[in-house]
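A.B. asks: Fold the stuff below for me.
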Amino acid sequence: MSRIGRAPIAIPAGVEIKVEDNNVVTVKGPKGTLTQQFNPNMAITVEGAELKVTRPNDAKENRSLHGLTRTLLNNMVVGVTEGYKKELDVNGVGYRVAKEGSKLVMNLGYSHQVIMEENADISIEVPSPNKIVILGCDKQKVGQFAAEVREKRPPEPYKGKGIKYTDEVIRRKAGKTGAKK
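C.D. replies: Purely as a prediction, here's the structure:
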């Protein structure tokens, strides 16, 4: 039995969970609403203030889907109650970020500004000119958007310039050494 899959998910107050046909689960909470379809082999049931996932048998596919389904459901519940956040740091001389309306405007050493649009599921905050905070209730969309922002100028190993996650550690390389005679 899956250790993760068999653990029940506690449903906090203010969260509504609806399980429909074909395992379409809708989770509604204070931060928003998330809907996702899960594999029809998994049995998803709401029992009181708990959400449980069970599998029909111990086939390899069902065992792997069991923990995955439970984790995805837990991510949905956490997302609509607390939300998810990714923080990015911008390092480099002249590298700056600013928010203009719903657009993230970045000066990253290119000849032009890099502009990214905030979408409906994601909100962007810029507390300082070298910090970006991405917020949302869908963990996957927050992570994907943060990866797309980081991709505009990934950190380089020699000077450490670029956009990196706040908790990311850049492995620095030594530069060229002078010729020895």
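
A.B. asks: average pLDDT for the helix or strand harbouring V105?
C.D. replies: Assigning secondary structure by DSSP states H and E places V105 in strand 103-107. When pLDDT is averaged along strand 103-107, the result is 94.

A.B. asks: And that strand, how far out from the chain middle?
C.D. replies: With CA atoms, centre = their mean, to the nearest Å as the basis, strand 103-107 stands 20 Å off its chain's centre.

A.B. asks: With stretch 12-31 instead?
C.D. replies: In this view, stretch 12-31 has its centroid 19 Å away from the chain centroid, taken as CA atoms, centre = their mean.

A.B. asks: same question, stretch 9-28
C.D. replies: What separates the centre of stretch 9-28 from the centre of its chain is 20 Å, taken as CA atoms, centre = their mean.

A.B. asks: Next up, the contacts around Q37.
C.D. replies: Taking CB atoms under 8 Å, 6 or more residues apart in numbering as the criterion, Q37 is in contact with 22-25. Heads up, the C-betas are built off the backbone N, CA and C, glycines and all.

A.B. asks: Count the neighbours of the spatially closest residue to L104 that is not a sequence neighbour for me.
C.D. replies: When the adjacent residues along the chain are set aside, L104 lies closest to M116, with 4.6 Å between them (CB to CB, 6 or more residues apart in numbering). Here the count is done by other CB atoms under 10 Å, and M116 has 17 residues near it.

A.B. asks: what helix or strand is M116 on?
C.D. replies: Under the assignment given by DSSP H and E, the secondary-structure element containing M116 is strand 114-117.

A.B. asks: Alpha carbons only: can I get that strand in CSV?
C.D. replies: As requested, C-alpha coordinates have been extracted for strand 114-117 and formatted as CSV (Å, rounded to 0.1, in the frame of the first residue of the first chain):
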residue,chain,number,x,y,z
VAL,A,114,11.9,41.9,-22.1
ILE,A,115,8.2,42.1,-21.4
MET,A,116,6.0,39.3,-20.0
GLU,A,117,2.3,39.5,-19.5
